[in-house]
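Participant: no FASTA, just this:
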């Protein structure tokens, strides 16, 4: 039975390409065997609004239009891809955007923050401890701030990861599996970076709903595997409460690898930067140190451990983030 999707505003350039990574496949083949590597280029959903968040924000924007909202409020780190995409979506649709940003800022803006400012978003900065301890209060404050001035605001959680946002990757799953079918295979594994959980939730639920035997594994870039098991089920439960009351999130096969987080969120070590350089050099694909670089580095390590030796095809979902590469420029000194 076809899925009944909620209203959305088409913003992304879809479908994004599915491309083989044959030079990387050849280089990282092992005596254990292993899969042919593919990449779903969701870094190409659009130019400035690029990345996985745009698929989610199409449905968020649809809800904003239906509810008569003229303002979007969301949160994230100073280099948040989600905040940057929300800022550009708001600019395109003529909506005000208020960003609640984690971290203290001084000096010239760079990367995603520069794009936030170019797009006209209002940015409020909070030290990490206050950001986390008062997040709900901060959303209430800014929603009331705009309502007192005659505006109606829609609050968007971190990464647009909730029951509405995960529609973006339920749809994305159907697109990805259709791409694979056209290329002559069904992937045994789909890999993605997982930071707020919504993309993994949408992919996992999407595979389940269409009856695919494909397993989705999220490579965590923060928190713990247990956190993401709970977060994926929480997002799916939120989805089910509004769109499919009879669905049991416990039916999902949730797979998380939290072995490659490194020192912490948005902090990478030299092997990750070397992986980023290798992928750019061999395939012309740009990864970032916060999400995709860590996840792809973890994927390569698992390949060499023989983790995927029984797979014929593995698809890495490139969730974007190339603007976040540039503030890390000093870590690529080994290229000189």
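Facilitator: Thanks, I have the structure now. Just so you know, these numbers come straight off a predicted model, no measurement behind them.

Participant: wait, isn't residue 313 in contact with residue 35?
Facilitator: Yes: assessed by CB atoms under 8 Å, residue 313 is found in contact with residue 35 at 5.4 Å. To be clear about C-beta, it is placed using only N, CA and C from the backbone, and glycine gets the same treatment.

Participant: Quick check: neighbours shared by the two?
Facilitator: 188, 189 (CB atoms under 8 Å, 6 or more residues apart in numbering).

Participant: quick one: contacts for the residue lying closest to residue 186 once chain neighbours are set aside?
Facilitator: Distances taken as CB to CB, 6 or more residues apart in numbering place residue 180 nearest to residue 186, at 5.9 Å, with adjacent residues excluded. Residue 180 is in contact with 18, 38, 186, 187, 313, 315, counting by CB under 8 Å, 6+ apart.

Participant: Drop anything exposed from these.
Facilitator: Buried by 16 or more other CB atoms under 10 Å: 18, 38, 187, 313, 315, out of the contacts of residue 180.

Participant: in which helix or strand would I find residue 314?
Facilitator: strand 313-318 (DSSP states H and E).

Participant: try residue 37
Facilitator: Element membership for residue 37 (DSSP H and E) is strand 36-41.

Participant: Tell me where the stretch 51-200 of the chain has helices.
Facilitator: For the stretch 51-200 of the chain, helices defined by DSSP state H, counting those that start in this stretch occupy the ranges 52-66, 81-93, 111-118, 128-133, 135-147, 167-182, 198-210.

Participant: what about the fifth one, distance to the chain center?
Facilitator: Looking back up the chat, that one is helix 135-147. On the basis of CA atoms, centre = their mean, to the nearest Å, helix 135-147 sits 25 Å off its chain's mean C-alpha point.

Participant: do the second one as well
Facilitator: If you compare the mean C-alpha spot of helix 81-93 with that of the full chain, they lie 14 Å apart, counting by CA atoms, centre = their mean.

Participant: helices or strands next to it in the packing?
Facilitator: helix 52-66, strand 71-77, strand 96-102, helix 111-118 (3 or more CB pairs under 8 Å, 6 or more residues apart in numbering; DSSP states H and E).

Participant: got these as CSV, with distance to residue 145 and mean neighbour count columns?
Facilitator: Converted to CSV, the helices and strands packed on helix 81-93 look like this (distance: least, CB to CB, whole Å; neighbours: other CB atoms under 10 Å):
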stretch, distance to residue 145, mean neighbour count
helix 52-66, 17, 25
strand 71-77, 9, 25
strand 96-102, 8, 23
helix 111-118, 18, 21
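
Participant: Any idea which of these gets closest to residue 201?
Facilitator: helix 52-66 (10.5 Å; CB to CB).

Participant: Could you give the average pLDDT over the closest one?
Facilitator: Averaged across helix 52-66, pLDDT comes to 98.

Participant: Against residue 65, how distant is the nearest residue to residue 285 once chain neighbours are set aside?
Facilitator: Of all residues not flanking residue 285 in the chain, residue 279 sits nearest, at 5.3 Å (CB to CB, 6+ apart). Using CB to CB, to the nearest Å, residue 279 is found at 38 Å from residue 65.

Participant: before we move on, what about residue 135?
Facilitator: According to CB to CB, residue 135 and residue 65 sit 26 Å apart.

Participant: one step back: of all the helices and strands packed on helix 81-93, which one is nearest residue 146?
Facilitator: Taking CB to CB, strand 71-77 is the member of the helices and strands packed on helix 81-93 nearest to residue 146, at 4.9 Å.

Participant: Please name the strands paired to the strand holding residue 314 in the sheet, noting orientation.
Facilitator: strand 36-41 (parallel), strand 189-194 (parallel) (DSSP bridges).

Participant: Low-confidence regions, this structure specifically.
Facilitator: For the chain, the stretches with pLDDT under 70 are 1.

Participant: relative to strand 189-194, how tilted is the longest helix along it?
Facilitator: Scanning the chain for the helix with the most residues, using DSSP state H, yields helix 225-243. Using axes from the mean of the first three to the mean of the last three CA atoms, to 10 degrees, one finds that helix 225-243 and strand 189-194 are set 100 degrees apart in direction.

Participant: helices or strands up against the following helix or strand past helix 225-243?
Facilitator: As assigned by DSSP H and E, the chain's next helix or strand after helix 225-243 is strand 255-257. Packed against strand 255-257, as judged by 3+ CB pairs under 8 Å, 6+ apart, are the following elements: strand 215-220, helix 225-243.

Participant: out of these, which comes closest to residue 87?
Facilitator: For residue 87, the closest of the helices and strands packed on strand 255-257 is helix 225-243, at 23.1 Å, according to CB to CB.

Participant: chain center to the closest one, what's the gap?
Facilitator: A distance of 16 Å separates the centroid of the chain from that of helix 225-243, by CA atoms, centre = their mean.

Participant: Could you do stretch 230-249 as well?
Facilitator: Relative to the centre of its chain, stretch 230-249 is centred 19 Å away, using CA atoms, centre = their mean.

Participant: So which bits of it are buried?
Facilitator: Within stretch 230-249, the residues scored as buried using 16+ other CB under 10 Å are 231, 232, 233, 234, 235, 236, 238, 239, 240, 243, 247, 249.
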